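**Q** sequence first, predicted coordinates after that:
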Protein chains: 2
Amino acid sequence: MSSAVRIAVIGAGSAQFSVGLVRDLCLAKSLAGSSIAFMDTDVDRLAMIHALAARYVTELGTELRFEQFTDRVEALDGADVVVNTALAGGHQREEDERALLDRLGYYRGLHPAEGFYHQYHLMRAIAQDIARVCPDAWLIQSSNPVFDGCTLMTRETGVKMVGLCHGPFGGIREITTILGFDPDRVSFEAPGVNHCVWMTGFRYEGRDAFPPIDRWIEEESAAYWKRADTHYSHTQLSPAAVHMYRFYGTMPLGDTSRVIWPEAWWYHQGLAGKQRWWGETGGFDSEIGWGQYLKRVEETVRRISAAATNPEARLTEIFPPTPSGEQIVPIIDALFNDRQGRFIVNVPNRGAITGIAEDVVVEVPALVDGGGIRPIIVGPLPDKVMLGAVAPQVLAMERRVAAFRFGDPSLIMQVVLSEQRTRS
Amino acid sequence: MSSAVRIAVIGAGSAQFSVGLVRDLCLAKSLAGSSIAFMDTDVDRLAMIHALAARYVTELGTELRFEQFTDRVEALDGADVVVNTALAGGHQREEDERALLDRLGYYRGLHPAEGFYHQYHLMRAIAQDIARVCPDAWLIQSSNPVFDGCTLMTRETGVKMVGLCHGPFGGIREITTILGFDPDRVSFEAPGVNHCVWMTGFRYEGRDAFPPIDRWIEEESAAYWKRADTHYSHTQLSPAAVHMYRFYGTMPLGDTSRVIWPEAWWYHQGLAGKQRWWGETGGFDSEIGWGQYLKRVEETVRRISAAATNPEARLTEIFPPTPSGEQIVPIIDALFNDRQGRFIVNVPNRGAITGIAEDVVVEVPALVDGGGIRPIIVGPLPDKVMLGAVAPQVLAMERRVAAFRFGDPSLIMQVVLSEQRTRS
């Protein structure tokens, strides 16, 4: 089966994201003939993305069409799929807020609640537009906060929606590399809520693969942690993650170990504290790690801009046409060409995980095909994970979302007051 | 209708409790002919209670019979109702634990998690005995922790169970007195979980009575708080309770304002902090307030002992036969004589409060009659109360109960680590 779809990309000015999407789309033969409506408020970046995309498909001879819009409603018109990757205010607003909180004594901010308001507002507005303009379209929510935003949109609109995150795959890739496994023979389950997922299953060639992790921890972790090249993004088997694995009895996957700050404050006490648990960079969220990350993003943007301004450059050499590993295009293919696959999705719980409300968005495995996105019943999570990590995350999310929905700042005060670092 | 019932009282050595129960039972004409099986491990106190009870009914000419047991199973044999007021280890164990925690930097302990283990163990053992010896009996759980214990017993046994607390009535009595209301014309609702209940309704002579509270706060609270005679047990309209009323948008009732420590740590920072929020005694839980309370308990015990050792004393003069205001005997009367009444009970949620699991015990209004105890559907609690107070209490309870059921101390570590005062 082969269907052409129309995809609206909101926040398409994110060069890295849009180039990756175009590349994946070029590789999906069954989506030939599809069109992308790039939408962004930044006209210059939008034009650059549009030109790059057009050059890329010309080089490959793929049959894809592109349009550009600064008006959201126009971009949505006729869309079968809406990919939302927009970040309200961009990274700079995040940086400004974090600097303010740092001055107030909240080292590295009030992760992950900060800046939620603008982003919620934008997400809801987009979902409302979809409900009005293209009510049958699937919304693929790609920008954060996926957990908060998707729950909010579930409650306020009826759009068909799925949130996606590459965290679990990145985590598994890291573990696989460290253990020397062939990535194609690994399978895993890691249910929970976005950025708080836990490995309830991990198999290599069909056999339980936790024993090899335990052996690595016992025999090789100390040497690995001493290696000078420990990178800011090496979080999966960091001392913090391994300590959590022991404390919670289950391995945190992807961003989990670093993102559950308020519940696991003891890994984040100042830079020295972070360095103890995350290696010499202090991990992704320290001033060092985050600085390295921003630099890398800048470099990618520079590389893309350079390619854009050099009409001689062969884009397919700079960005070779290999799959990105992102789930977006494969999910579109599964939905519109009935190409059944198992994905990791963020969708309303509706009983998938025991003890979480029906309308809270959870991250669970799902079968996706022409019939839609059908999450697998997970059942109860391990007690220590549920009570120690997931339930507190749900509670904090509920406070933030209620504060936004009902315009009540005292609910945000509750978030701040329940922070272990709040003193007065 | 009039039925004689057999009531087993576990932990009957608590003189104040047992004398109160006998007095209320004497006043319930429709329970004439009933018998009480007093059970305690302290033989001397048991004998004293037994003798006092016998003298009391002789003076009044009531038809009640008493037996005493040191063996729990024998006491349960043939019981229609089991009242459990037992406190494992008594007040002294609590004091020892609190002193230890004080030395570790937890001013006034880790309220209310401390000492849970022995008490859970005892509660579960009693419920298991009931399931075996008198499976049709109603268990009335009177000693704390009602919230944790009743939830635990719900999950581990199938006994018919209700937890009772006088906190809400004491709170309403205090408000009523302060406002100069006639207590007989007041009605209220305060659902939640035990020791965390919030006034979602308050009426005087059928009219909304929150405006008079607001007026009192505006015009009279300052003078009231300055009065020198502010007593340790005046918590209902303390500065802390009034501040919570504003912050949560709903008035905490009874023990609520003082018991939700971990969620509202800012009211409990050292004695000086407590005095700011609870008056010059620092409230019920400060070293001053708690000392006064223990003294009062001692005095009552002394008064009862003096009466017990003086055969000339007229007990009905020392303890006049007026209703105690406790719900125990009226509920027994309602259940066994189909005397319908509205009570405040702690029973498994089963959908009464939205967003709380079915098998968590909640404190809700209920109709009680020959058909049993039927809670009223409450629906959702106000957001700020649910997200700011009730849900965190449920989470902390779940951690304590799971730690006990699965014998896993790392769950208790989660409770301690989530305490705002934990530093390392």
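**A** Done, it's in.
**Q** got a list of what A:Arg342 touches?
**A** Under the criterion of C-beta atoms under 8 Å, 6 or more residues apart in numbering or on different chains, the neighbours of A:Arg342 are A:365-368. In short, each C-beta sits where N, CA and C put it, glycine included.
**Q** give me the buried positions along the helix or strand hosting A:Lys295.
**A** Assessed by DSSP states H and E, A:Lys295 sits inside helix A:287-309. Within helix A:287-309, the residues scored as buried using 16 or more other C-beta atoms under 10 Å in any protein chain shown are A:288-290, A:292-293, A:304, A:307-308.
**Q** redo those residues as a markdown table? Include distance to B:Arg65 and pLDDT.
**A** Shown next, in a markdown table, are the buried residues of helix A:287-309 (distance: C-beta to C-beta, whole Å; pLDDT from 0 to 100):
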| residue | distance to B:Arg65 | pLDDT |
| --- | --- | --- |
| A:Ile288 | 78 | 87 |
| A:Gly289 | 75 | 86 |
| A:Trp290 | 76 | 86 |
| A:Gln292 | 81 | 88 |
| A:Tyr293 | 78 | 87 |
| A:Ile304 | 91 | 89 |
| A:Ala307 | 96 | 91 |
| A:Ala308 | 96 | 90 |
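**Q** which one of the residues you listed is nearest A:Thr85?
**A** A:Ile304 (15.1 Å; C-beta to C-beta).
**Q** ok, back up a step: which residues are contacting the helix holding A:Lys295?
**A** Contacts to helix A:287-309, defined as C-beta under 8 Å, 6+ apart, come from residues A:15-16, A:19, A:48, A:51-52, A:91, A:108, A:232-233, A:271, A:278, A:281-284, A:313, A:315, A:318-319.
**Q** return the distance of it from the chain's centre.
**A** Taking C-alpha atoms, centre = their mean, to the nearest Å, one finds helix A:287-309 lying 19 Å from the centre of the chain it belongs to.
**Q** what does stretch A:217-228 give?
**A** Centroid displacement of stretch A:217-228 relative to its chain, using C-alpha atoms, centre = their mean, is 28 Å.
**Q** over to stretch A:119-130?
**A** On C-alpha atoms, centre = their mean, the centre of stretch A:119-130 falls 18 Å from that of its chain.
**Q** ok, stretch A:271-286 next?
**A** Centre-to-centre, stretch A:271-286 and its host chain are 22 Å apart (C-alpha atoms, centre = their mean).
**Q** how about that stretch: buried residues?
**A** Buried residues in stretch A:271-286 (16+ other C-beta under 10 Å): A:271, A:273-275, A:277-286.
**Q** adding distance to A:Ser30, write these out as a markdown table.
**A** As requested, those are exported to a markdown table (distance: C-beta to C-beta, whole Å):
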| residue | distance to A:Ser30 |
| --- | --- |
| A:Leu271 | 49 |
| A:Gly273 | 50 |
| A:Lys274 | 46 |
| A:Gln275 | 48 |
| A:Trp277 | 45 |
| A:Trp278 | 42 |
| A:Gly279 | 43 |
| A:Glu280 | 46 |
| A:Thr281 | 42 |
| A:Gly282 | 45 |
| A:Gly283 | 40 |
| A:Phe284 | 36 |
| A:Asp285 | 40 |
| A:Ser286 | 44 |
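**Q** which of those residues lies closest to chain B?
**A** Set against chain B, the nearest of the buried residues of stretch A:271-286 by C-beta to the nearest C-beta is A:Gly273 (10.1 Å).
**Q** tell me the pLDDT at the residue lying closest to the closest one once chain neighbours are set aside?
**A** Using C-beta to C-beta, 6 or more residues apart in numbering or on different chains and skipping the chain neighbours, the partner closest in space to A:Gly273 is A:Tyr267 (7.2 Å). On pLDDT, A:Tyr267 comes in at 83.
**Q** need the three-state assignment for the residue of the stretch 101-250 of chain A found nearest chain B.
**A** Chain B sits closest to A:Phe247 of the stretch 101-250 of chain A, with a gap of 6.0 Å, by C-beta to the nearest C-beta. Three-state call for A:Phe247 (DSSP: H, G, I helix; E, B strand; the rest coil): helix.
**Q** that one: how many residues sit nearby?
**A** Neighbourhood size, A:Phe247 [other C-beta atoms under 10 Å in any protein chain shown]: 17.
**Q** B:Ser410 is in contact with that one, correct?
**A** Yes. Using C-beta atoms under 8 Å, A:Phe247 is in contact with B:Ser410, at 6.0 Å.
**Q** overlap in contacts, the two.
**A** A:Lys384.
**Q** could you list the low-confidence segments of the stretch 1-150 of chain A?
**A** The model of the stretch 1-150 of chain A has pLDDT under 70 over residues A:90-91, A:93-94, A:100-115.
**Q** which stretches of it form strands?
**A** Assigned by DSSP state E, counting those that start in this stretch, the strands in the stretch 1-150 of chain A fall at A:6-10, A:35-39, A:65-69, A:81-84, A:138-141.
**Q** surely A:Pro382 touches A:Met199?
**A** No. With contacts counted by C-beta under 8 Å, A:Pro382 stays clear of A:Met199, the gap being 10.3 Å.
**Q** all helices of the stretch 51-200 of chain A, in order?
**A** Using DSSP state H, counting those that start in this stretch, the helices assigned to the stretch 51-200 of chain A run over residues A:72-76, A:90-103, A:116-133, A:146-156, A:167-179.
**Q** of all the ones you listed, which one comes closest to B:Gly341?
**A** The nearest among the helices of the stretch 51-200 of chain A, by C-beta to C-beta, is helix A:146-156 at 39.1 Å.
**Q** write out the residues of the stretch 251-400 of chain A neighbouring chain B.
**A** A:263, A:265-266, A:355, A:357, A:383-384, A:387-388, A:391-392, A:395, A:398-399 (C-beta under 8 Å from any C-beta of the partner chain).
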